[in-house]
Each structure stands twice: as C-alpha cells, then as structure tokens.
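1. no sequence on hand, only this structure:
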C-alpha cells in the first residue's frame, strides 16, 4: 500500500482525547442487547430470517453433511481406520459456522428436530477430539505429527469457529457438551504455546474474538488473556517461515508486519483484517486497554475514507481477497467478499459499543443492507462469494463454493440480527437499527419494555412505544443516520450531490420534542412511562451520490441512494445488450413500492436521455427513456443481467457494438 | 468439434476425380524453385529479409546462447558432470530452428563469422549425441532411462527440427557434420520403433515433413518410409496412455483420434495440424499415394471455409492453441499463433505443388502477408506469439517467450521466402508470388532466365522479363489472385461486399495477349525469347469484405482489404479511449503511399460518421470524421493502441464510458 495521508489531525486527536478520558472509568460505553432478548416482527427482516431458517440453514446442513465430506471427516477421525481427509484443511470451520447459525435459529424458532441434528453433529465433533484436547480433522487424518507446523493451515481459525459455535449453542440450549469441547481446545492451545512461552501467529485471525466470547460465557480470564496473547504475537517477525512470508502475499497479507497497537493502515486480506480488529476491540474493551482503540481508529479511517465501496463492501482485489492501494475501487472486478461485509458489521458494532459514536452504526447499516445482504439470494439457496458493483451479464449466484465460508456466515448474521438493534448502559438506552421489534432492557433503576414499529428501509417512519418502565428518568439515544443529514455514511469518500431538504422530525406523544444531538444520536431524557410514543420521521428522497475524484472508476458517475439502500440499474435483456443512458444533473426521480417485485421493493424510476442505434443501425440517436433502479441487494435474482451501481452522468467516450457477439 | 456440413459435393468430387486421374502419371504437378536459385530484389521484402538477417537472427542467437540456457544444455551433456537440464523439454528445437534460419540467411548473405557461430553450435550439438544416435538434452540430463516413455515430451519434434536444420545447413554450406548427426538420430528412431515393429505416436507432429527433407537430401528411402510410418501410427489408439489422452485435450488435440487418411475435419492444436498435413502432403507426393490428398482436401475445406480468420490466421482458442467449433472466430481473443500461420504457408505450398491449383497460393499469400508477417515487429526484435484481430489497448509485442517457437519460425520463413515464388515442371513455369526477383529455371528443353519487377503489394503492376531462354515454346502460368476476381481468397468464408470493377490486364511486349485461365493461373504459351516482357496489371481498389453470418463476432461488420493485405484501424490515443464510427455502405476511400510511416505503407482513409460525446459530456453527437486504416501486419509498432480489423457497419448497441478508468 502506498504512502498514506498522515494528517488525521483534529478529528483523530479528539477521538484519542475522548478515549483516554474514558479509560479512567472503563472504556466501554454500552453493551448490546442480546438477540435472544429481542423479538423481531418486521416486514423487511422477518421474512428474511424465516428464509434463512427454512431454506439457507437446510442448504448448509445438506452441503455440509450429504453433498460434501465435511461431517464425514469427523466420522473418519472417530473410526480410526486410517481413512484420508477429504476437502480443504479449513472445512471443519464450515461445520462450526453452520452450527452457530443453527444455534441462533433455534433461539428464534425452537425446533426439536433441528436441535437433534445439532446434537448429532456435536457428538461427532466431540468424538474427533484427541485426548489432549486437540481437534482438527485435517491434521488428525493427514499426519498428526505435522500439527502446529504451518501457521497458514487455519488450525486456530477452525478452533475459533468451534468456540463461537459452542458459546452460541450453550447460550441457546444450556447444553455444555460442545462448550466443554471448546474449552479443552482452547486449553490445549494455551498449554501448547502460551504456557511454554512459545510464539505462534495465527494465519487467519478469528480465534481472538472467539476467545473473548468464551471468556464471557465461562468467566475464565485465561481465555481473555489467551486472546490478548494472540493479538500480541503479531508484528514481531514471529511468523517468519510461515507460508505467507514466503509468498507474494508477504506478512501484510495477514496483518503481521506491524504490531496490532501500531497499525495505522488497512492492508492484506479483508476478512482476516475484520476479524482481527473485532477481536482487538473485544480485548481492548474487556481489558480496558485503549491501545487497541487508538490503532483501530486510524485503520477505520483508512478503510472508510479510502478503501470502502459505497455498498459497504471492502477488499477490491480477488488476487489477495483484500485491499490494494488507496481509492483503487474498480466496479466490475470488485471482490467485496460477503464475509468481509459480515466482518464490517461485527467490527463496527464493537467500535460503536466502545465509543458510543453512531458513525460506526452508519457503516454497519451500509454494509448490512447492501454489501452483506447482497450475498444471499431472495430464495435463500443461492450465494455470492464476491459482490461486484457492475456486471456485464455474466455474474451469477452459486449453489455452493469449494471454499464455503460465505453461506453460513450470512446465515449466522441474519439469524443474530437482533444483536445489533439495541444497546444499553446502566442508565441509558440506545436504538441503533430500525427494525420492527420488542425487547425488555434492564437499567440500573428498573426494567424498560420497548416496542419498535417501522416500515424501514422503505420509509423512514419509526415509532417507539414504551410498554412499561420502572426505570424513572433515563436518556433514550435514537440514532439519526448520517444519510438523513446529507451524509451518505459518516466519514466516507462519498457525498450527496443534491442537498435534499430532509428535515428529521422527532415527536413525543404527537408533539415536537426537545432533544440534544450527541455522537450522532438524538438524546431525549424523559421520565418515560407506559404508553409513551416517540416518533421519528426520516425523510427518504432519492439522492444522487458522487465519489471523490480519487476513485478513478467512478469519475463522472453518480450512484442512487434512498435511505440506507444503495440502488443499481439491472438490465434484463435477452439480446445481451445494455441500454446506455446519461443521468442529467436535474433529473426527476419517482419512487413506488412494488409488492410483487423481488419480494417487495421500492423502485426508483426516471426519464433520462437514452443513447441507442437508429432502426437501420446506420446511426445513433438520443431519445428519452425510462430507467428503473432496484436495491443493490436484490439484483441477480431474475437470471442473467447487466448491472451497474455507478451510472454515467457525463460521457467521455462512446463505444459501438455491431452485434450481440461483438468482441 | 460439432457435426459438420457433409455435402462437399460437386467441388470435392471434382478434386478427387482429378487426383485419381493424375495418380496414373505421378501425383505431383510441379516442383518449387529453391530459394537458393532465386535472387530477391524487392522494395517490400528485401528490407524485411535484411532486418531478419541483421536483427532477428542475432536476437535469436543471443536469446538461445546467452540469455537462456538452451545452448548450455548441450554443453552440460558433453561435460557429463551430472548437471541438471534447465528450461523446458522442447527447448532444443529453438536451437535447431535458429540454426535453420541461419542456414537460409547464409545463403542469402554469406557471412563467415555467422557461419563460424553455426559451426560452433553444431560441434556442441554433435557432442551431445549419445553413442546409439539418441540426441535430446532433456532426457539425457534428467534420466535417460525415461526416454521414449511419454509421447508428449517432444522427442521427435526436437528431432524433426534438428533434421530440418541439418538439411538446410548442408544445402547452404555442403558441410555434412550436422547432416550425419541427423541421419543417426533418424536411424536411432527407426531402430527403436519401426524395425522392432513397435508403435509410437508423436505428440507434436513435425518429424514427418523433416524426414521427407532428409530423404530428398540423402536419397535414402528409409527416411521416407519412416515418415510414412509416423503418419500411419496415428488414429489407431496407439497413443493410449499418452499424456494427452488422459487430459481434457484428448486424442483430438494432436490429431490422433482418426487415421490420417480418414481425417475430414480440422481439430486440435493448430501448429500440430499444419505440420502433420504438410508432412502428409510430402509423403503423398513422394510416394505417389493419393490417400493423403483425399483426406487433406476435406480438412483444407474445413479450415478455409469454417475455421480461418480473414488474416489467414488459424486456431481461435488459446486454451488448446487450436481449433474449437466451426465459425467460432472471436476477434480480441483470437489466438492465431504466428507458428500456425507459418504452418499455413508451408501446407498450402505443398497443396499447390500437388494439385497445380492457385487457390492454395491465395491462402498462402493471405497467411504470409497478414497472419504470419504480423508476428514480427518492423524493427525485427519484437514478436507476437498470438495475433488477435482486435485489441483494447493492452496487447503488446514481446522480446521473447518462455515457449519460443515463434521468433525463429518467422525468421526461417522470411529468409526462405524465395522458395514460394516460382515453380516448374518439365515443360511449364509457374509464377506464384509477386516479389521482385530473378531466377534461372531449367526446363526439359533448356534454361529460362526470368526477371520479375513489381511494386507489390502496394500496387498491382508486375513486369516479367525473359532474360534468355533456350527452352523453345513453353507455357508460363501466372497466378491471378482470387482477390483480383472479387474473391477475397478462393473458397473462404469471406466475400467482398462491393464488386469493384477491377479488370485484370495482361500484355506481352506492350500488346494485349491471349491467355487461358487454368486452375487460377493465366497461361500464356509462347515461344519465349530474350527481352520478352509480360506485364500483369492487378487493379487494387479498396474493398469492403463481409464475413458469413455464421461468424457471429463479425455480424454487421466489414473489414478492409486492398490487394492481398488486410487492413486495420489502429487508434493511438493517450486518453485510452477509442473513437467510435460507423462505416456507411457508400463510403468513399482514398489511398496514398506514406514512405515515412511504418517503414512505408499505403494508408486507407475515409470520412465516416463518428459518434462521440458532446463537449460537456452530457449528450452524444454524430459528426463526420476521418479514419485511417493501416495494413494489419504493421500494427503495434507505435506503442499501445486500440486496434480493430472488423469495423462496425451497422450498430446494435451503444455503450457509454464515463471516464478512462470506467469499469
């Protein structure tokens, strides 16, 4: 990565001041309300969660158990008949991630048959654990003497996902079997390295955040210490000899060139980076250590200001599944792995909890509704691994992947959506996402029942009703999205070209209410009582967005955004030819909700100059034509299509195609 | 390859009838006048031959000897110190092909220093021959016990090129050393397989045509028999277990699925196919065996009618370096290996000699002036391996290649150009190519001195002067190119869209002369005497060519041809944007010779509708603009460029680019 802009100046300094002041009283500003305490009843999300439960998770189970040999590898270990490992060395993780998704699903929709399936898998996993606690089907079947010799072979990545699954399943069912397996796995790693004062760098971060979950589930601080130990291994050359240091990838590929607390730039593999920073935020929060937050604020700005797509997708290059140079954000070759957008959701959640700043939720929301959600078909059984921002009619969703990290990742995210809606501290409640739901939040002085009703993201009306409260007076923080204040998402490389008049409106029991704006939240301190209704109105005009000129691929183009949703123009055309048009500066948009289209979406239509061949093909003509934009997440659900997020607002060249097969 | 059109019908039947009638009296219609008997003095070709001598051959020598370990492998064998082979198993062949080019060059331009270099190489080659005659640095250095175990490892391909070099060097210098080496190599193969009645299929054809050359140079029929044996090995499953039968390539890849005499369709690797059919034509001619000609006429039609580019290039696919399905001729991804065009030249020469039909020279000329010549930069030190018919500004010539077959192949072709100009039989002389030159041809009744002067290919005036003749009355056959009779090249998939009035004009000593047209030649029987001047005038209007609609990539497009040259539009533009234009049906072309442009070329200019953005980029406008077309062979000599051979005549879609980096 080339030299970076170094003057973060005032903004960064202010953040650091806040951080160090806060460190006195504990870093963490708030804790999330767990999804198990949130009942979602939402026109947009409930059907999606239902699809994941009824379609996506069964697909994951079938792929994991029947079509691919992922479960069979565990059975082979238990049989001890010298059978060979099949598949790739990280395939165990797909079993664990499917299990984690199942655990969340069981909380949302109890299902004894599904729980029996999970128990059956857990028995097989437990039977594959070696007496010393080690659990990895690849090395156990391929040569146990080789274990812990190659840092890139994902042994701790697999362990991390095992731990996440174990904690999730324990939280849902109270059953300890997998949790005990996971503890013995972690204990084995601790004994193998940390207790012997040996060094080891994880080739694919993940176990750090998992160990913090294990610490929280068990209360055992050794797991938190082990997570911190993992973070501290990086950037000291301990990975020398590891496969990535000998390849083109180098140490930057897995963020091992600089100690975590000294990192300032985003680099390398996008998913690895997201998992690393999520783990670092968790450890920093749990250990009250501001060092991780300092470095992550630098890195976060580097991601969001210079290396993020407007969809919240990250990692522009397929060759390293990660970052390249600043502002190198091509559209049709954009990699934007689904897992990296999932990573953006979890990292930005942690940053929000640590800082109390809504700008992280702005990015979380952007990645969630666009880059991540795009990874799952509306039918729930087709997936994107990469999520490009343009396609020349040749990009299609797949049933599964050889490296199958994405399907179960999007499944576990959607099933645990409830985690990201509310947060609280001793005296305060925060509303981060606008999802129809109800919850009960215990504050220091009493419980608060809260109900949210909304047509979001199709409209911006949000109604919050206090069901009951014995908490007395407390501040309720309601996020005012950056986009509602003419900021596409706080602190990004994108800007709205029109400053639509979109006054945010907040009223209490039908009357305008006084509020202060703090860290991106409207704060209403009131002696809340049963039946109080707080209404937030976020106007949703169609807005044209421009990118900074530094993003060369987007020069002279605009994107369309409405609410949190990025739109695209998808052209379904048997002839395989794309209609070409120019978006004028003064274009008028119209919107309407189409309940039968793509499971129900708001479309954006506009009349624009369309450039096309004359009837005889001997010249080119310009005429007005209608274009229809649909939410980005909903494309590629109707067969092959040409798709563009960024639309030409100014033309620098014209290219003519003589026939469909012109090349 | 999919099912083919089977009705060759009348045309094929007529050919077969002719062939079988001829077989009674010997198949061969004529023999070529060897290049060593032809002195070339030509404005177009002499500078090119000179560049190959002074630049290309030294580049080949430097690459072979200094930069890459090709010569060093021979030295290692001689040293017998257990050193390892470097490079690829077919690298020996590059040494031999460079040596063959040197041999031709020494004939054209005697050069004692260069001859000493050749002798030095020959000593090294001879020193690497094993006592039993086997000569192959790869197996000798990597494990001689493995020799002749893998049919794909090019052992006989290397041997074939050794033989060709040896014959060429012997013909030029009279020195026998390399010829003796080559004979022992061939004897070793004969003893290893044929004498033991063992089967062996060559994985890359080449040795068949080489063995016929060895037979002609030595008079030993065992080499002709061995060539025929090689041909007869194919198509009987003897290659089973060979690498290609176990890969995606299959037996079709090297034309091993059907016996050669039963082959009807072109398939597989293009260079392999060309070398095979050249060798088959040679064996058929030398053995008076019409069976090979029968099959080759089918295959030739399959190439020329359904699988050849307008440039004479063949093999559209890079993945098999060869043929795909009929009419699958994409432009920007066209592979069209330089060596395959060289193969088209030598195969079509053989077909012409066998049949006396000028249509084969039409194709030879097309491949020579376009597909093959394009492989060599004007400077002589840059090369194309593939020769696409369109480029989006990203295709450039290389200094050398890992697999370096093409540079020495084009070098040996250019140096031996004299081989393709004249042919004769006992009583007849044929003029095939229009190249300024002089030669003396012995006929049965006496010698004929012939001088050709021409400005071809820039104009169509050809002047043939009889220097002296003691042959009495004899028929002189002068080729009338297919394009001069509104046929782009006899029997191809392309047609001129305009039937330009281009009356061919032939006069003897200034007066119109009576002639008959036979097999594409104007035949003038005269009692030729010293000072007779035969003048041929081939008008050269610019002609628009269309492809059959079956070639989907060329639908609604035209190409420009003038004389034998295919033109292209090369757009040199720093902005990286292509000017888009439409060629109207009634477009008027102007031509002029530009002596300072690209070593002197005739350019074609036209005013056409150009479609481009308005100044503000907010709309698209059409205005008249001038385009300039240059000969295809001369593109990519001025840096990066956009290039197209096929130009839109009718537009089916318009695509807008917002910026240079739009993607």
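-> Looks like it arrived, so ask away. Please read these numbers as outputs of a predicted model, since none were measured by experiment.
2. going forward, measure contacts and count neighbours with C-alpha atoms only.
-> Fine.
3. what's the burial count for the closest residue to residue A:657 other than its chain neighbours?
-> Once flanking residues are discounted, residue A:657 sits nearest to residue B:653: 5.0 Å by CA to CA, 6 or more residues apart in numbering or on different chains. Using other CA atoms under 10 Å in any protein chain shown, residue B:653 has 24 neighbouring residues.
4. how about residue A:198?
-> 11.
5. checking my notes, it in a strand, right?
-> No: according to DSSP: H, G, I helix; E, B strand; the rest coil, residue A:198 belongs to no strand; its state is coil.
6. tell me how far the closest residue to it other than its chain neighbours lies from residue A:142.
-> Excluding its sequence neighbours, the residue lying closest to residue A:198 (CA to CA, 6+ apart) is residue A:192, at 7.9 Å. From residue A:192 across to residue A:142, the span is 20 Å (CA to CA, to the nearest Å).
7. any chance of the backbone angles for residue A:67?
-> Here is the backbone geometry of residue A:67 (degrees, to the nearest 10): phi -80, psi -40.
8. and the gap between it and chain B?
-> Distance, residue A:67 to chain B, by CA to the nearest CA, to the nearest Å: 25 Å.
9. against chain B, how distant is the residue nearest to residue A:198?
-> 43 Å.
10. neighbours of the closest residue to residue A:642 other than its chain neighbours, how many?
-> Spatial nearest neighbour of residue A:642, excluding adjacent residues (CA to CA, 6+ apart): residue A:393 at 4.3 Å. For residue A:393, the neighbour count with other CA under 10 Å is 19.
11. over to residue A:62?
-> Neighbours around residue A:62, by other CA under 10 Å: 12.
12. helix, strand or coil: sort out it for me.
-> helix.
13. how close does it get to chain B?
-> Where chain B is concerned, residue A:62 sits at a distance of 31 Å (CA to the nearest CA).
14. all helices of the stretch 201-350 of chain A, in order?
-> Taking DSSP state H, counting those that start in this stretch, the helices of the stretch 201-350 of chain A run over residues A:207-218, A:221-233, A:270-287, A:290-306, A:338-355.
15. what does the stretch 351-500 of chain A give?
-> Along the stretch 351-500 of chain A, the segments classed as helices by DSSP H, counting those that start in this stretch run A:359-366, A:405-415.
16. closest one to chain B among those?
-> helix A:359-366 (22.5 Å; CA to the nearest CA).
17. residue contacts, the residue lying closest to residue A:650 once chain neighbours are set aside?
-> Counting by CA to CA, 6+ apart, residue A:650 lies nearest to residue B:617, which is 4.6 Å off, once chain neighbours are set aside. By CA atoms under 8 Å, 6 or more residues apart in numbering or on different chains, the contact set of residue B:617 is A:650, A:651, A:652.
18. using the three-state scheme, assign residue B:617.
-> Secondary structure, three-state DSSP: residue B:617 is coil.
19. still on that earlier bit, what's the residue nearest to residue A:642 sitting at in phi/psi?
-> According to degrees, to the nearest 10, residue A:393 has phi 80, psi 10.
20. which helix or strand contains residue A:566?
-> Using DSSP states H and E, residue A:566 maps to strand A:565-571.
21. interface residues of the stretch 251-400 of chain A facing chain B?
-> Counting by CA under 8 Å from any CA of the partner chain, the stretch 251-400 of chain A comes close to chain B at A:330, A:331, A:332, A:333, A:390.
22. put together TSV for those residues, with pLDDT on each row.
-> What follows is those, written out as TSV (pLDDT from 0 to 100):
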residue	pLDDT
A:330	95
A:331	95
A:332	93
A:333	92
A:390	95
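23. TSV for those residues, including neighbour count?
-> Conversion of these to TSV gives the following (neighbours: other CA atoms under 10 Å in any protein chain shown):
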residue	neighbour count
A:330	21
A:331	22
A:332	20
A:333	17
A:390	22
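24. which of the residues you listed sit farthest apart?
-> Maximum pairwise distance among these (CA to CA): 9.0 Å, between A:330 and A:390.
25. which one of the residues in the stretch 451-600 of chain A is closest to chain B?
-> Closest point on the stretch 451-600 of chain A to chain B, by CA to the nearest CA, is residue A:553, at 4.7 Å.
26. that residue contacts residue A:331, doesn't it?
-> Yes: contact criterion CA atoms under 8 Å: residue A:553 and residue A:331 qualify, at 6.9 Å.
27. can I see the domain layout of chain A?
-> A:68-251, A:423-479+A:503-537, A:543-648 (automatic domain parsing).
28. and of those, who's closest to residue B:184?
-> Nearest to residue B:184, of all the domains of chain A, is domain A:68-251, at 47.1 Å by CA to CA.
29. how distant is the closest one from the center of its chain?
-> 21 Å (CA atoms, centre = their mean, to the nearest Å).
30. what does stretch A:294-304 give?
-> Worked out by CA atoms, centre = their mean, stretch A:294-304 lies 17 Å from the chain centre.
31. residue numbers of the stretch 451-600 of chain A in contact with chain B?
-> A:552-557, A:577-582, A:584.
32. format those as a markdown table; extra columns: neighbour count, distance to residue A:594 and pLDDT.
-> Output for these, formatted as a markdown table (neighbours: other CA atoms under 10 Å in any protein chain shown; distance: CA to CA, whole Å; pLDDT from 0 to 100):
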| residue | neighbour count | distance to residue A:594 | pLDDT |
| --- | --- | --- | --- |
| A:552 | 18 | 35 | 93 |
| A:553 | 22 | 32 | 94 |
| A:554 | 25 | 29 | 95 |
| A:555 | 23 | 32 | 95 |
| A:556 | 21 | 30 | 95 |
| A:557 | 23 | 27 | 96 |
| A:577 | 21 | 26 | 59 |
| A:578 | 21 | 24 | 71 |
| A:579 | 18 | 23 | 82 |
| A:580 | 19 | 25 | 92 |
| A:581 | 28 | 24 | 95 |
| A:582 | 23 | 25 | 96 |
| A:584 | 16 | 25 | 94 |
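33. would you format the residues you listed as CSV with secondary structure included?
-> Formatted as CSV, those follow (three-state DSSP):
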residue, secondary structure
A:552, helix
A:553, helix
A:554, helix
A:555, coil
A:556, coil
A:557, strand
A:577, coil
A:578, coil
A:579, coil
A:580, strand
A:581, strand
A:582, coil
A:584, coil
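34. these: which two are farthest apart?
-> A:552 and A:577 (24.8 Å).
35. nearest residue to the residue positioned nearest the centre of chain A other than its sequence neighbours?
-> Nearest to the geometric centre of chain A sits residue A:342, at 2.3 Å (CA atoms, centre = their mean). Leaving aside its sequence neighbours, residue A:342 sits nearest to residue A:372 (CA to CA, 6+ apart; 5.8 Å).
36. as CSV, the helices of the stretch 201-350 of chain A with distance to residue B:433 and mean pLDDT would be great.
-> Converted to CSV, the helices of the stretch 201-350 of chain A look like this (distance: least, CA to CA, whole Å; pLDDT from 0 to 100):
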stretch, distance to residue B:433, mean pLDDT
helix A:207-218, 74, 98
helix A:221-233, 74, 98
helix A:270-287, 62, 97
helix A:290-306, 62, 95
helix A:338-355, 62, 97
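37. all set now, cheers.
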